[in-house]
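> Dropping the sequence and predicted coords here.
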Amino acid sequence: MSRISGTDEQIILRARGMSMLFPGTKALDNVDYNVWRGKVNVIIGENGAGKSTLMKILAGVQQPTTGEITLNGNVVSLSSTREASKLGIGMVHQELNLFENLSVAENIFLGRELQSGIKPIDEASQEARAAELMQRLDQPISPKELVGSLKVGQQQLVEIAKALAENADILILDEPTSALSKTEVAILFRVIRELTQQGVSIIYISHRLEELMAIGDMITILRDGRFQAEARVSDIDVPWIVREMLGSEPVSSFLQPGRTFGAPILEVENITCVGSNGNCVVDDVSFQVRAGEIVGIYGLMGAGRTELFECLLGTQRNYLGKLWLDSKPVPARLATSERIRMGMSLVPEDRKRTGIFPVSSVASNLTIASLWRRLSYRFAIAEQHEQTVVTDTIGNLSIKVSSPDVAINALSGGNQQKVVIGRSLLTNPRLLLLDEPSRGIDIGAKADVFRMMVKLSQQGIAVVFSTSDLKEIMAVSDRILVMSGGKLTADIPREQAEESALVKASAQGF
Ligand SMILES: Nc1ncnc2c1ncn2[C@@H]1O[C@H](COP(=O)(O)OP(=O)(O)OP(=O)(O)O)[C@@H](O)[C@H]1O
Ligand SMILES: [Mg+2]
């Protein structure tokens with residue numbers, strides 16, 4: 001168990017003996033944690049390791065069961081976010097916390113509005129300040145724009161701008177890049193470097209190892225709610241991180257050679273969809289997916305992958321072109337519920353917005369999409385059957401939850417994702433669409449999700465998933481499609497795919 005000692009000059013915040021008990025879960029178990037002054041302090045650990053819980057305690061969102069925090073050598077009480085913020089601690093949360101019907105500027109200053117004279121809100125100053133922040137993040141976004149009309153990646157940047165506006169001494173970023181493109185990540189990293197040069201201490205949580213290696217100065221690893229290791233990033237490498245995190249090396253490829261496929265399940269012909277800005281967000285896309293085949297769609301944020309999925313499932317019906325499922329035509333006007341009944345299923349990109357019903361239990365989140373199936377049972381065996389199905393799904397997907405009645409928002413990000421996938425599977429799909437299924441989940445949970453995709457394909461389900469991670473696309477696709485600027489720029493069997501060609505295809509038209 002490696003640990004580094006430092007002086008109060010070097011360590012701005014020390015958390016000692018932090019424990020956090022939830023009913024049925026010990027989220028943190030006697031954790032000692034250091035935040036190094038003016039450094040980028042990265043934290044990594046599997047889903048449910050306790051990262052967000054530790055951060056919420058530092059930001060005053062939650063109070064620990066036990067533990068003591070010293071800031072600049074003085075014991076402090078972080079009893080509320082206001083208290084933490086007064087002491088200079090700010091946080092960007094893992095899940096978006098924005099109000100879609102408010103503007104960018106209003107979101108940034110919500111709860112601490114700028115005032116001038118007797119006016120309760122000085123809108124002009126707020127907008128000017130918000131414009132500066134957007135510029136600092138290289139975003140051509142107007143402060144007056146409604147947050148609801150922005151893409152997830154841009155919303156994440158607004159969330160970051162909101163934290164920057166606080167001028168914190170310790171800035172916590174809990175998975176800030178899960179929805180960002182490479183370019184946007186580079187911008188964020190520049191801003192982080194500027195901040196550390198000004199003496200700001202950054203805490204940075206991510207599941208992307210390359211990012212941690214690139215931006216981190218110090219690294220802390222949590223495992224199962226316990227402190228595992230602390231090191232200087234310059235002293236360690238990726239295999240070390242993986243070993244400390246999991247205790248073993250991850251699997252690299254998930255597909256056995258000689259896979260066979262059946263008849264086409266999904267046929268897509270010339271799908272074209274015009275976005276609200278008048279551009280083609282999906283531009284004349286055609287492809288097929290066969291039974292038992294896993295097709296990976298690679299592309300950057302904004303390439304049109306999400307929009308394509310929306311056309312396929314009919315949550316967006318304003319498109320041209322033709323679709324067939326199991327050789328049956330799917331007319332554009334056909335409602336999503338009808339398409340689900342035909343055998344389509346989608347695991348959406350943004351869990352919080354479209355994926356989960358936050359206050360409902362894990363059990364109802366699992367069964368809600370398959371209710372029609374349940375209603376089609378004639379007798380009261382339905383309920384009994386439902387309980388069995390829920391327990392089986394929780395077991396099969398190794399969802400970590402003490403009881404199916406726990407509210408889903410009490411689960412860690414990765415476990416929430418597994419519930420959303422479980423729900424899709426309960427509709428018995430012929431075609432499973434997964435939009436960024438591994439977004440914001442750790443290596444262990446990713447491997448679970450990928451293994452599940454392979455298992456489903458072996459049962460004859462056609463699987464289509466999207467990702468902006470090259471390694472993932474190479475590890476689990478039978479065939480790789482690349483999207484860029486709404487167009488399909490490549491359609492290659494995996495054996496012939498080369499990473500450099502994929503990257504090139506994904507940048508066409510940018
Ligand atoms: N409010 C809560 N009530 C009950 N259990 C909780 C609550 N918040 C977190 N937990 C549990 O505590 C554990 C740690 O969760 P936490 O969110 O801190 O993990 P994490 O490391 O941030 O994971 P991820 O990488 O998935 O975001 C998990 O088992 C989680 O389900
Ligand atoms: Mg978390």
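That came through fine. Numbering: from 1, shown residues only. Ligands and ions are numbered 1, 2, ... in the order given.

> Quick check on the spatially closest residue to residue 35 that is not a sequence neighbour: phi, psi?
Excluding its sequence neighbours, the residue lying closest to residue 35 (C-beta to C-beta, 6 or more residues apart in numbering) is residue 13, at 4.0 Å. For every residue, glycine as well, the C-beta is placed using N, CA and C. The phi/psi pair for residue 13 (degrees, to the nearest 10) reads phi -130, psi 140.

> Which pLDDT does the model give residue 13?
pLDDT, residue 13: 97.

> Give me the helix or strand of this structure that scores worst on average pLDDT.
Here the helix or strand of the chain ranked lowest by mean pLDDT, DSSP states H and E is helix 371-375, holding a mean of 54.

> How much space separates residue 271 from ligand 2?
36 Å (C-beta to the ion, to the nearest Å).

> what do you get for residue 306?
Taken as C-beta to the ion, the span from residue 306 to ligand 2 is 23 Å.

> which secondary structure elements does the helix or strand that contains that residue contact?
Using DSSP states H and E, residue 306 maps to helix 305-313. Judged by 3 or more C-beta pairs under 8 Å, 6 or more residues apart in numbering; DSSP states H and E, helix 305-313 is in contact with strand 264-274, strand 280-290, strand 319-325, helix 336-342, strand 344-347, strand 431-435, strand 462-467.

> List the contacts of the closest residue to residue 305 other than its chain neighbours.
Nearest residue to residue 305, sequence neighbours excluded (C-beta to C-beta, 6+ apart): residue 466, at 4.2 Å. Neighbouring residues of residue 466 by C-beta atoms under 8 Å, 6 or more residues apart in numbering: 296-299, 305-306, 309, 349, 434-436.

> Mind doing that once more with 10 Å?
Counting by C-beta atoms under 10 Å, 6 or more residues apart in numbering, residue 466 makes contact with 295-299, 303-306, 308-309, 349, 433-437, 439, 472-473, 481, 483.

> Quick check: residue 178 is in a helix.
No. Residue 178 is assigned coil when assessed by DSSP: H, G, I helix; E, B strand; the rest coil, not a helix.

> Can you get me the start-to-end distance on stretch 344-362?
In stretch 344-362, first residue to last residue: 22 Å (C-alpha to C-alpha, to the nearest Å).

> Quick check: mean pLDDT of it?
Mean predicted confidence for stretch 344-362 is 76.

> how about the residues of the protein that lie near ligand 2?
On the criterion C-beta under 5 Å from the ion, ligand 2 has as its neighbours in the chain the residues 52, 94.

> Which residues of the chain lie near ligand 1?
Listed as neighbours of ligand 1 in the chain under the rule C-beta under 6 Å from any ligand atom: 22, 25, 27, 45, 47-53, 94, 400, 410-414, 442.

> can you list the domain ranges for the chain.
11-246, 250-343+429-510, 353-428 (automatic domain parsing).

> mind putting those domains in TSV, distance to residue 3 included?
As requested, those are exported to TSV (distance: least, C-beta to C-beta, whole Å):
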stretch	distance to residue 3
domain 11-246	5
domain 250-343+429-510	22
domain 353-428	25
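
> Now the weakest link among those, please, by mean pLDDT.
The stretch with the lowest mean pLDDT among those is domain 353-428, at a mean of 77.

> Distance from that domain to the middle of the chain?
20 Å (C-alpha atoms, centre = their mean, to the nearest Å).

> what does stretch 481-499 give?
Counting by C-alpha atoms, centre = their mean, stretch 481-499 comes out at 23 Å from the chain centroid.

> need the contact list for residue 99.
Residue 99 sits next to 106-107, 110, 146-148 when contact means C-beta under 10 Å, 6+ apart.

> What is the neighbour count of whatever residue of the stretch 251-400 of the chain ends up closest to ligand 1?
Relative to ligand 1, the nearest point of the stretch 251-400 of the chain is residue 400 (5.6 Å; C-beta to the nearest ligand atom). Applying other C-beta atoms under 10 Å, we find 16 residues neighbouring residue 400.

> Verify the stated contact: it with residue 25.
Yes. Using C-beta atoms under 10 Å, residue 400 and residue 25 qualify as a contacting pair, with a distance of 8.4 Å.

> Between the two, which contacts overlap?
In contact with both residue 400 and residue 25: 48, 411-412, using C-beta under 10 Å, 6+ apart.

> Let's see if you can find the most crowded of the residues you listed.
Compared across the shared contacts of residue 400 and residue 25, residue 412 has the highest neighbour count, 25 neighbours, by other C-beta under 10 Å.

> Find the nearest non-adjacent residue to that one, please.
Leaving aside its chain neighbours, residue 412 sits nearest to residue 48 (4.0 Å; criterion: C-beta to C-beta, 6+ apart).

> on that earlier part again, which one, of the helices and strands packed on helix 305-313, ends up nearest to residue 39?
strand 462-467 (30.7 Å; C-beta to C-beta).

> Name the SS class of the residue of the stretch 51-200 of the chain found nearest ligand 2, please.
The minimum distance from the stretch 51-200 of the chain to ligand 2, using C-beta to the ion, falls at residue 52 (3.1 Å). At residue 52 the chain is in helix, as set by three-state DSSP.

> Next, work out how far apart it and residue 78 are.
Residue 52 sits 15 Å away from residue 78, going by C-beta to C-beta, to the nearest Å.

> would you say residue 172 is within a strand?
Yes. Judged by three-state DSSP, residue 172 forms part of a strand.

> residue contacts, the closest residue to it other than its chain neighbours?
In space, residue 172 comes closest to residue 91 once its chain neighbours are excluded; the distance is 4.0 Å by C-beta to C-beta, 6+ apart. If a contact means C-beta under 10 Å, 6+ apart, then residue 91 has 52, 55-56, 58-61, 81, 84-85, 163, 166, 168, 170-174, 203 as its contacts.
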